[in-house]
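>>> Coordinates only, no sequence provided:
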């Protein structure tokens, strides 16, 4: 425990000086049986307390500084983690901004987007003790909160942007009380991808920009297939 061998006789002497009666075990001289006096019951409750007293009287300056030793292994990303990391980096490389939203959503946002009538999105799970109604449900899609991200930016005058989120959505399972947690990628683009300049016309985001992003993400796999 102390990282240093102390002779049993020295340990016995230290305990004796502390008025702690002790004797060496008859079968194993390295084992010392100690009886804590009544006036030390409050601070000497465990074996480690006795060890601390021995170290204190022996002298802390006699203990050499030794780096801790442990059989540690370097951590590695799983294939799944590497894939998520690669997707995140690729989307940032092409100029999209990552957003991070809560896993909770309010009923009002689902109703605004008509997700309450969409199969797969309407079966939400309600939180037993939500902070408020905006955090009452587990989200079944990243879309509502990402739209809120865009609206907040548009209200602050930022109308041209692309965002993405890698998040978990939650779907009910018929044979289990626990939901399915599905990792999902959401991408949203709004406004102009190119702003008008003296030598170029402006261009709005369109379907082909989303198509190009998906092709860009899957390019490593296309190479493998071909």
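Received the coordinates, thanks. The structure displayed is predicted, hence computed values, not measured ones. Numbering: from 1, shown residues only.

>>> in the chain, which spans are strands?
Secondary structure of the chain by DSSP state E: the strands cover 21-24, 32-35, 97-98, 104-105, 125-126, 137-138, 161-171, 180-190, 192-194, 203-204.

>>> Which neighbouring elements make contact with the fifth one?
Using 3 or more Cβ pairs under 8 Å, 6 or more residues apart in numbering; DSSP states H and E, the elements in contact with strand 125-126 are strand 137-138. (Each C-beta comes from the backbone N, C-alpha and C, glycine too.)

>>> Just checking: what are the partner strands of the strand it packs on?
According to DSSP bridges, strand 137-138 forms sheet pairs with strand 104-105 (antiparallel), strand 125-126 (antiparallel).

>>> any idea which of the ones you listed is most buried?
With neighbours defined as mean count of other Cβ atoms under 10 Å, these peak in mean count at strand 104-105, which reaches a mean of 20.

>>> which stretch among the strands paired with strand 137-138 comes nearest residue 117?
Evaluated over those, closeness to residue 117 peaks at strand 104-105, with 16.1 Å, by Cβ to Cβ.

>>> Could you list the residues in contact with the longest helix seen in the chain?
What stands out as the longest helix in the chain, according to DSSP state H, is helix 79-93. Residues from elsewhere that reach helix 79-93 (Cβ atoms under 8 Å, 6 or more residues apart in numbering): 77, 98, 164, 166, 183, 185, 187, 213, 216, 217.

>>> Who wins on neighbours among those residues?
residue 164 (23 neighbours; other Cβ atoms under 10 Å).

>>> that older thread, any chance of CSV for the strands paired with strand 137-138, columns mean pLDDT and distance to residue 19?
Putting those into CSV (pLDDT from 0 to 100; distance: least, Cβ to Cβ, whole Å) gives the following:
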stretch, mean pLDDT, distance to residue 19
strand 104-105, 90, 61
strand 125-126, 87, 64
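
>>> Surely residue 103 touches residue 170?
Yes. Between residue 103 and residue 170 there is a contact at 7.2 Å, judged by Cβ atoms under 8 Å.

>>> Overlap in contacts, the two.
Contacts common to residue 103 and residue 170, judged by Cβ under 8 Å, 6+ apart, are 138, 139.
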